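**Q** Just the structure for this:
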Amino acid sequence: KVLFNKNLSANIIIDAEKIVKNKLFDSGKFFLKFNNRYIDLNNSYLVSNKIGKLILENSSLKFIDDQLIYNSAFNFEIKDQKEFYKSFQTPKKNRKSLKNIFLNIEFNLLENNLSISKFSINNKNSESSESVKSILHRYSNDPDNKIKNWIDLKIFFNKVFENYEG
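**A** Next up is the predicted model:
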């Protein structure tokens, strides 16, 4: 909790030219702003040389009720949708025209609990269908449907793409 002190104020930039042991991202840049009991990570990003860029928006890390909570809206700018679908092994029948993927997440770092509250393709403000909302709810609340690794992430994305109607 030392980093979340109300008297701590700092700006730190971490430029990761190479990310090792990651199947999706090659590099990144993180802007950490320590600001009155929370850490702001807005405009930080991760880059996949083959696929595109994941930008963190409205992103913060803070203690809420003695739990370390990370909240963020992600904008995954897709520069090569063919490479994206290849990496996620998405069946051709489930592929959509893809420029951006928008996600809103909350991650409890102490309990290792991920909750995804929004998912949309190409339009940040579009509403998810009931079937996609059901998948998001199941992955957020069912202990048997947690995203713990790369394979779980691919399965999640493919379930959403299969049910996405936008």
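
**Q** what's stretch 17-36 in contact with?
**A** Applying CB atoms under 8 Å, 6 or more residues apart in numbering, the external contacts of stretch 17-36 come out as 3, 6, 8-16, 39-49, 51, 54, 87, 150. Yep, even glycine has a C-beta here, placed from its N, CA and C like the rest.

**Q** Work out for me the element residue 126 sits within.
**A** Per DSSP states H and E, residue 126 falls between elements, in no helix or strand.

**Q** Got phi/psi on it?
**A** Per-residue torsions, residue 126: phi -70, psi 150 (degrees, to the nearest 10).

**Q** Same check on residue 112?
**A** The phi/psi pair for residue 112 (degrees, to the nearest 10) is phi 50, psi 50.

**Q** Now do the contacts for residue 94.
**A** Residues counted as contacts of residue 94 (CB under 8 Å, 6+ apart) are 158, 161, 162.

**Q** any idea how far residue 140 is from it?
**A** Between residue 94 and residue 140 the distance is 22 Å, computed by CB to CB, to the nearest Å.

**Q** do residue 92 as well
**A** Relative to residue 140, residue 92 is positioned 29 Å away (CB to CB).
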